[in-house]
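Q: quick one, structure for this:
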Amino acid sequence: MKYQNFYQESIEHPEKFWSEQAKQLDWFKAPKSILSKDAYNYDQWFEDGELNLSYLCIDKHIKDGFGAQNAIIYDSPVTNRKQHITFNQLHHEVSKLAGGLQSLGLKKGDTCIIYMPMIPQALYAMLACARIGVIHSVVFGGFAPHELAIRIDDCKPKVIITASNGVEIKRIIPYKPFVDEAIEKAKNKPERVIVFDRQLGVEIPKKEYDVNYTELVDKSPSVEPVPVASTHPSYVLYTSGTTGTPKGIIRDTGGYATALKFSMKYIYGVNEGETFWAASDVGWVVGHSFITYGPLLNRNTSILFEGKPIRTPDASTFWRVISEHHVKAMFTAPTAIRAIKKEDPEGEFLKKYDLSCLKYLFLAGERCDVATLTWTEEQLNIPVIDHWWQTESGWPMIANMVGVTLQEIRPGSAGTPVCGYDIQILDEDGEQVSSSVEGYVAIKLPLPPGTLRNLWGNPERFKSGYLDRFPGYYFSGDGGYKDEDNYVFITGRVDDIINVAGHRLSTAEMEEIVASHKEVAECAVFGVHCEIKGQKPLGLVVLKSNEALDKQETIQKEIIQDVRNEIGAVASFREVLVVNRLPKTRSGKTLRKLLRNIADEQQYNIPSTIDDVTIIDEIKSVYQIHKIGIHN
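A: Below you'll find the model as predicted:
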């Protein structure tokens with residue numbers, strides 16, 4: 001099968017194409033209406049079909065004789081625990097928890113917040129909710145009580161499912177006190193909080209609304225999956241908004257299941273029975289789509305990893321997990337690879353393991369710089385595939401579809417459009433631009449199955465945020481361009497395009513050049529205020545070694561010259577600061593907007609998703625020293 005023919009079929013005959021893909025699922029009631037409009041005149045898929053995600057992820061495989069296959073392998077270097085969970089065992093845990101939720105009064109259409117660490121009970125909770133038609137909203141474990149309270153008030157859960165604590169490197173995060181504080185702050189009060197005690201000696205404050213997770217499961221009956229409409233919301237997942245108020249992305253059930261089954265086979269190239277690992281968190285969309293639902297729908301063994309790429313115990317952790325559990329395809333963020341590269345630049349740890357099982361490594365979550373891609377390819381000697389998607393899309397939009405045709409990998413590009421996504425590059429007026437001309441990345445409607453349905457309780461914000469900018473298109477919020485072969489290059493959020501004396505310049509392009517310097521471990525380039533030119537670029541770099549710190553002045557000059565050589569004097573790139581680390585979210589995204597606001601001495605809010613808040617003071621100190629140096 002050729003990619004181009006397959007892709008064109010999906011664009012020219014979307015109903016026929018996705019009708020065929022939907023047949024890969026075991027529906028309770030097969031859909032006859034493939035593509036229709038909802039009450040808001042927005043496209044919806046398989047409107048009259050009925051199915052259940054929990055059934056497709058568990059019961060279907062047991063019925064087919066695969067109950068003894070491992071569904072989940074839990075590997076937790078932070079607690080030194082491992083657990084192999086078969087589909088039979090998964091059925092037992094999920095169906096009894098579902099029965100427990102029903103006994104607490106939850107029914108189809110109710111909402112439930114899941115606030116959990118990376119433990120099997122987090123997946124049980126998601127699948128138990130899906131089993132009885134309860135809409136879950138997973139909130140990243142450890143989110144501040146204020147942020148959790150905002151989500152409680154928005155989705156109004158009847159129940160919250162949490163754990164005693166999370167475990168980070170050298171520290172315990174108390175989850176239950178955070179939940180209690182969030183409930184105090186929230187106007188909406190959940191009826192019950194189900195608490196799983198991890199038995200790690202953490203004191204759990206008791207409240208009248210508490211329910212013991214283990215006792216609830218032990219005393220509850222197993223329940224059968226409840227059929228739900230294809231358009232029934234499977235979950236609400238919050239993503240940050242430009243207004244500071246999080247957006248509750250609504251995901252349907254039938255379209256999502258169809259897209260995920262398709263993704264596992266055609267994008268990630270894994271067959272039923274093989275092992276897949278997405279090194280992410282259930283609090284993010286990757287955890288929903290490719291730790292929980294996607295692999296289990298496809299009868300893959302899914303790795304549930306509680307740890308970090310380094311310091312758990314060292315930079316060999318990823319390679320150990322791949323080798324030990326025979327992972328065929330892995331998905332992680334470029335940040336994780338850069339962290340490993342910094343700790344082990346020569347790949348000595350990697351050489352200790354047999355990684356012959358690994359056929360593909362996929363990178364996403366942030367733009368992958370060429371230096372990181374090249375290093376990883378050289379170390380693993382397999383295709384390393386950058387790809388691009390969003391919380392809103394729920395599954396990849398641009399990729400190298402290895403299950404169809406392994407195409408040429410072009411460093412800097414996320415690949416070509418995935419089936420169903422008619423990706424266009426538009427100018428300010430919504431007109432398509434020529435190849436290699438940068439513009440706004442938009443997707444012509446209809447979007448394929450599995451993408452966002454709406455925003456929870458806020459259809460007007462959905463329309464204004466995604467549909468109004470370019471009528472007839474979904475606007476991604478990113479800038480980019482396509483080359484003559486339809487490879488798409490994402491240059492970053494449109495606010496990463498800076499205007500230097502009237503010249504529109506991509507900070508991502510500059511970042512690419514900075515990252516290629518042999519002494520740079522990672523970097524960020526962003527626009528700051530300039531009295532003369534309006535904006536100018538500023539670079540922050542983390543160096544690879546202490547030895548490099550001794551020659552940082554020389555390195556700074558070399559980087560500035562590199563950018564001048566590649567882009568020209570028009571870039572006005574004259575400032576590079578050396579820092580110990582960059583502020584990031586827990587999912588590994590560099591907080592460039594925060595860096596820009598600090599540099600410009602603008603008012604800023606510290607994002608709840610920040611990995612380590614102490615970094616801010618370090619960055620501010622570097623900026624102050626730099627400014628004093630300029631004035632002197």
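Q: low pLDDT regions in the stretch 301-450 of the chain?
A: Within the stretch 301-450 of the chain, no range satisfies pLDDT under 70.
Q: helices of that one, residue ranges please.
A: If you assign secondary structure with DSSP state H, counting those that start in this stretch, the helices in the stretch 301-450 of the chain sit at 317-325, 334-343, 370-380.
Q: out of these, flag the one nearest residue 34.
A: helix 334-343 (36.9 Å; Cβ to Cβ). In this view, the C-beta of every residue, glycine as well, is placed from N, C-alpha and C.
Q: please name every helix or strand in contact with that closest one.
A: helix 370-380, strand 520-530 (3 or more Cβ pairs under 8 Å, 6 or more residues apart in numbering; DSSP states H and E).
Q: out of those, deepest packed?
A: strand 520-530 (a mean of 22; mean count of other Cβ atoms under 10 Å).
Q: which other helices and strands contact that strand?
A: helix 334-343, strand 497-500, helix 507-515, strand 534-543, helix 592-599.
Q: quick one on the thing from earlier: let me have the helices of the stretch 301-450 of the chain in JSON lines, extended by distance to residue 456.
A: Output for these, formatted as JSON lines (distance: least, Cβ to Cβ, whole Å):
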{"stretch": "helix 317-325", "distance to residue 456": "35"}
{"stretch": "helix 334-343", "distance to residue 456": "29"}
{"stretch": "helix 370-380", "distance to residue 456": "35"}
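Q: residue 474: which of the ones you listed is closest?
A: helix 334-343 (24.9 Å).
Q: next, the angle from that closest one to helix 507-515.
A: 20 degrees (axes from the mean of the first three to the mean of the last three Cα atoms, to 10 degrees).
Q: make a markdown table from the helices and strands packed on helix 334-343 and add distance to residue 135 to it.
A: A markdown table is the format used below for the helices and strands packed on helix 334-343 (distance: least, Cβ to Cβ, whole Å):
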| stretch | distance to residue 135 |
| --- | --- |
| helix 370-380 | 37 |
| strand 520-530 | 37 |
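Q: out of these, nearest to residue 230?
A: The nearest among these, by Cβ to Cβ, is helix 370-380 at 37.8 Å.
Q: other SSEs contacting that closest one?
A: Partner elements for helix 370-380 (3+ Cβ pairs under 8 Å, 6+ apart): helix 334-343, strand 360-363, strand 384-386, helix 507-515.
Q: apply 7 Å and report the result again.
A: For helix 370-380, the contact count by 3 or more Cβ pairs under 7 Å, 6 or more residues apart in numbering; DSSP states H and E identifies helix 334-343, strand 384-386 as packing neighbours.
Q: among these, which is nearest residue 576?
A: Of all the helices and strands packed on helix 370-380, helix 334-343 comes closest under Cβ to Cβ, at 17.7 Å.
Q: using CSV, write down the CA coordinates of that closest one.
A: Only the C-alpha atoms of helix 334-343 are listed here, as CSV (Å, rounded to 0.1, in the frame of the first residue of the first chain):
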residue,chain,number,x,y,z
PRO,A,334,12.5,15.2,22.8
THR,A,335,13.2,16.7,26.3
ALA,A,336,13.6,13.2,27.7
ILE,A,337,16.1,12.3,25.0
ARG,A,338,18.0,15.5,25.5
ALA,A,339,18.2,14.8,29.3
ILE,A,340,19.7,11.3,28.5
LYS,A,341,22.0,12.8,25.9
LYS,A,342,23.3,15.3,28.5
GLU,A,343,24.0,12.6,31.1
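Q: just how off-centre is that helix within its chain?
A: Distance, stretch centre to chain centre, for helix 334-343: 17 Å (Cα atoms, centre = their mean, to the nearest Å).
Q: can you check stretch 476-485 too?
A: 20 Å.
Q: which residues sit against that stretch?
A: The contact list for stretch 476-485 (Cβ atoms under 7 Å, 6 or more residues apart in numbering) reads 390, 425, 435-443, 488-494, 497.
Q: same question for stretch 293-302.
A: Against stretch 293-302 from outside (Cβ under 7 Å, 6+ apart): 53, 56-57, 61, 66, 70-73, 257, 260-261, 263-265, 270, 272-276, 291.
Q: could you redo the last one with a cut-off of 8 Å?
A: Residues from elsewhere that reach stretch 293-302, judged by Cβ atoms under 8 Å, 6 or more residues apart in numbering: 25, 53, 56-58, 61, 66, 69-73, 126-127, 256-257, 260-261, 263-265, 270, 272-278, 291-292, 325, 395.
Q: narrow the residues you listed to those in helices?
A: With helices taken from DSSP state H, the overlap with the contacts of stretch 293-302 comprises 53, 61, 126, 127, 256, 257, 260, 261, 325.
Q: can you tell me which of those residues is nearest residue 549?
A: Out of the ones in helices among the contacts of stretch 293-302, the member with the shortest distance to residue 549 (by Cβ to Cβ) is residue 325, at 38.0 Å.
Q: quick one: low-confidence parts of the stretch 1-150 of the chain?
A: 1.
Q: what about 80?
A: 1, 142 (pLDDT under 80).
Q: any idea how far residue 104 is from residue 180?
A: Separation of residue 104 from residue 180 (Cβ to Cβ, to the nearest Å): 18 Å.
Q: between these two, which has more neighbouring residues?
A: residue 180 (20 against 16; other Cβ atoms under 10 Å).
Q: what helix or strand is the more buried one located in?
A: helix 175-185 (DSSP states H and E).
Q: got the contact list for that helix?
A: With Cβ under 8 Å, 6+ apart as the criterion, helix 175-185 contacts 115-117, 141-146, 148-149, 152, 160, 162-166, 189-190, 193, 195, 204-205, 207, 209.
Q: can you do 6 Å?
A: 145, 148-149, 160, 162-166, 193, 195, 204-205 (Cβ atoms under 6 Å, 6 or more residues apart in numbering).
Q: stretch 44-61 now?
A: Taking Cβ under 6 Å, 6+ apart as the rule, stretch 44-61 contacts 26-29, 31-33, 36, 38, 87, 90-91, 127, 130-131, 225, 227, 230-231, 234, 253-255, 257, 296-297, 299, 449.
Q: next, the distance between the ends of it.
A: One end of stretch 44-61 to the other measures 28 Å (Cα to Cα, to the nearest Å).
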